[in-house]
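Asks: Return atomic coordinates for the entry below.
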Amino acid sequence: MKPIALIGVLLIVLGIAGLIFSGFSYTETKPVVEAGPLKVTTQEEHYVTIPNIASVLAILAGAALVFGSRRMQ
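Replies: Purely as a prediction, here's the structure:
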């Protein structure tokens with residue numbers, strides 16, 4: 001399989017995953033106070049949304065790369 005086709009398949013998989021999950025969250029730990037051996041931290045949870053249009057565009061671009069690599073043979 002050509003590298004372009006592999007990138008296309010990867011874009012299709014990522015686009016489908018973006019449509020299914022529509023976002024992800026992560027936790028960031030920030031130090032609040034550091035005084036000698038005493039360390040106080042706080043955790044903030046962030047949520048990142050993936051727009052549906054970006055997922056659809058990734059699927060379409062991946063399909064174009066897969067079919068385009070077939071024509072180049």
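
Asks: got a pLDDT number for the residue of the chain positioned farthest from its centre?
Replies: Largest separation from the mean C-alpha position in the chain: Gly36, at 39.2 Å (C-alpha atoms, centre = their mean). Listed pLDDT for Gly36 reads 87.

Asks: what residue ranges in the chain score low on pLDDT?
Replies: Along the chain, segments meeting pLDDT under 70 span 73.

Asks: Helices of that one, start to end?
Replies: 3-21, 52-71 (DSSP state H).

Asks: Mind listing residues that contact the shortest one?
Replies: By that I understand helix 3-21. With C-beta atoms under 8 Å, 6 or more residues apart in numbering as the test, helix 3-21 has contacts from 50, 52, 54-66, 68-70, 72. Just so you know, the C-beta spots here come from the backbone N, C-alpha and C atoms, and that holds for glycine as well.

Asks: Give me the phi and psi angles of Gly36.
Replies: phi 60, psi -130 (degrees, to the nearest 10).

Asks: picking up where we left off before, could you say which one of the helices of the chain comes nearest to Glu44?
Replies: Judged by C-beta to C-beta, the one of these that comes nearest to Glu44 is helix 3-21, at 20.9 Å.

Asks: next one: the closest one to chain centre, how far?
Replies: Centroid separation between helix 3-21 and its chain, computed with C-alpha atoms, centre = their mean, to the nearest Å, is 10 Å.

Asks: buried sites along that helix?
Replies: For helix 3-21, burial by neighbour count (16 or more other C-beta atoms under 10 Å) applies to Ala5, Gly8, Val9, Leu11, Ile12, Leu14, Gly15, Gly18.

Asks: With adjacent residues omitted, what lies nearest to the fourth one?
Replies: Nearest residue to Leu11, sequence neighbours excluded (C-beta to C-beta, 6 or more residues apart in numbering): Gly62, at 3.2 Å.

Asks: How about stretch 29-42, which residues are buried there?
Replies: Per 16+ other C-beta under 10 Å, stretch 29-42 contains no buried residues.
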